[in-house]
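Novice: build me a model:
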Amino acid sequence: MFARNVARAFTTPSSRLFSSSSARHTKVTVLGAGGGIGQPLSLLLKLDPLVSNLSLYDIRGAPGVAADVSHVDTHSEVNGYAMENLDAALEGTKVVVIPAGVPRKPGMTRDDLFNTNASIVRDLAAAVARVAPTAHILVISNPVNSTVPIVAATLEKAGVFDPTRVYGVTTLDVVRASRFLASVSGATPSECDVPVVGGHSGPTIVPLLSQVSKGKGLQGEAYDTLVHRIQFGGDEVVKAKDGAGSATLSMAYAGAKFANSLLRGLNGEKGVITPTFVKSPLFADRGIDFFSSPVELGVNGVEKIHPIGPLSAEEEKLLEACLPELKKNIEKGKAFVA
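Specialist: From the prediction side, this is the model:
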């Protein structure tokens, strides 16, 4: 009864996580399902009514996670795959979510994760290119500013890159901005849907508070404090976990939330718009070919990349600080594959 009530709550119009569509359902594969993000993400995807088949893969632990999650009484089927069965996990999948990699520890930046996570993401992307070349790929593994270009370049080398099907999941920045603005404004998070643009680390995260009524009046120290918390909210979690990891539960929530948005778009729902880090023309004149901005999702994946809209003077400064750092991150990812 509890699971049914949870699933039902997630599909009500007031839901902040899942919405459903009456259209076709989809096979989703999670690569890294045994990890700190992968396990709660797998549970949340099991509750998504648009997921018909959930394929869970990891170098260790995924069959156990799959057996556990499969007992949840929602309609989707769940299968677990160990290290030697990556191809089987990807066979026939429509959506691939990649949370695989090592977590951040105290004192580490997302960039510090690069050497380990870059090779993991590259190898997984190569497998997707080989087995499921038309799948939509959702990249959670950090540093997203670099791992998304790694995925794109790997697919490009294989001759199957489609820029409408590769997404960096920056939804956690939007979730944090909504929650943190609500806490300082006295509003509800649903009234504080802040667009967050740029990238997914520190100063590359640019919250557009001026575009939300509850954020327009903030200025001075209150504004600076809120922006800093949105940009470096992950550090709060790393510090609080005291060496035991980084943001896993909130990231799983954000990943499931973005996956549901994509599935709704793929199923034909109109007007599904959310920020995501994609191949983008918005700042190509600055040598930056990946950028997070509000993106309309549809049956083909990325249907339309929206401009970032008017900025306040403070946001202009944030954007100018973002762009050179973002460009450096992107180039680092490309160079790794090259």
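Novice: so residue 183, which state does it fall into?
Specialist: Here residue 183 is recorded as helix under DSSP: H, G, I helix; E, B strand; the rest coil.
Novice: who's in contact with the closest residue to residue 266 other than its chain neighbours?
Specialist: Of all residues not flanking residue 266 in the chain, residue 299 sits nearest, at 5.9 Å (C-beta to C-beta, 6 or more residues apart in numbering). Where C-beta positions appear, they are placed from N, C-alpha and C, glycine not excepted. Applying C-beta atoms under 8 Å, 6 or more residues apart in numbering, we find residue 299 in contact with 265, 266, 267, 268.
Novice: look up how far residue 307 lies from the first one.
Specialist: Distance check for residue 265 against residue 307: by C-beta to C-beta, to the nearest Å, it reads 19 Å.
Novice: between these two, tell me which one has more neighbours.
Specialist: Neighbours per residue, other C-beta atoms under 10 Å: of residue 265 and residue 307, the larger number sits with residue 265, 25 against 9.
Novice: what's near enough to touch that one?
Specialist: Neighbouring residues of residue 265 by C-beta under 8 Å, 6+ apart: 272, 296, 297, 298, 299, 301, 303.
Novice: tell me the pLDDT of the residue nearest to residue 266.
Specialist: Residue 299 carries a pLDDT score of 97 in this model.
Novice: for it, give its distance to residue 308.
Specialist: From residue 299 to residue 308 the distance is 25 Å (C-beta to C-beta).
Novice: helices of the stretch 201-338 of the chain, start to end?
Specialist: Assigned by DSSP state H, counting those that start in this stretch, the helices in the stretch 201-338 of the chain fall at 220-231, 233-241, 249-266, 313-337.
Novice: rank those helices by pLDDT, which is bottom?
Specialist: Across these, helix 233-241 has the smallest mean pLDDT, namely a mean of 93.
Novice: and the angle from that helix to helix 249-266?
Specialist: Following axes from the mean of the first three to the mean of the last three C-alpha atoms, to 10 degrees, one obtains 140 degrees for the angle between helix 233-241 and helix 249-266.
Novice: ok now helix 233-241, how far from the chain's centre?
Specialist: Taking C-alpha atoms, centre = their mean, to the nearest Å, one finds helix 233-241 lying 18 Å from the centre of the chain it belongs to.
Novice: and if you look at stretch 298-308?
Specialist: The mean C-alpha position of stretch 298-308 is separated from the chain mean by 16 Å, C-alpha atoms, centre = their mean.
Novice: and what of stretch 70-83?
Specialist: From the chain centre to the centre of stretch 70-83 is a distance of 22 Å (C-alpha atoms, centre = their mean).
Novice: helix/strand/coil for residue 79?
Specialist: When classified by three-state DSSP, residue 79 comes out as strand.
Novice: and stretch 138-154, what's its mean pLDDT?
Specialist: Stretch 138-154 comes out at a mean pLDDT of 97.
Novice: residue numbering should commence at 857 henceforth.
Specialist: Yep, numbering from 857; the last one is stretch 994-1010 now.
Novice: gap between that stretch and the chain center?
Specialist: With C-alpha atoms, centre = their mean as the basis, stretch 994-1010 stands 11 Å off its chain's centre.
Novice: using PDB, write out every CA atom in it.
Specialist: Taking Å, rounded to 0.1, in the frame of the first residue of the first chain, the C-alpha atoms of stretch 994-1010 are listed here in PDB:
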ATOM      1  CA  LEU A 994      21.700  11.500 -19.200                       C
ATOM      2  CA  VAL A 995      25.100  12.300 -17.600                       C
ATOM      3  CA  ILE A 996      25.200  12.700 -13.900                       C
ATOM      4  CA  SER A 997      28.900  11.600 -13.300                       C
ATOM      5  CA  ASN A 998      31.000  14.600 -12.300                       C
ATOM      6  CA  PRO A 999      32.500  16.900 -13.400                       C
ATOM      7  CA  VAL A1000      29.500  17.300 -15.700                       C
ATOM      8  CA  ASN A1001      31.100  20.300 -17.500                       C
ATOM      9  CA  SER A1002      33.800  17.800 -18.700                       C
ATOM     10  CA  THR A1003      32.000  14.500 -18.800                       C
ATOM     11  CA  VAL A1004      29.300  15.600 -21.200                       C
ATOM     12  CA  PRO A1005      31.900  16.700 -23.800                       C
ATOM     13  CA  ILE A1006      33.700  13.300 -23.200                       C
ATOM     14  CA  VAL A1007      30.400  11.500 -24.000                       C
ATOM     15  CA  ALA A1008      29.800  13.600 -27.100                       C
ATOM     16  CA  ALA A1009      33.400  13.200 -28.400                       C
ATOM     17  CA  THR A1010      33.300   9.400 -27.800                       C
END
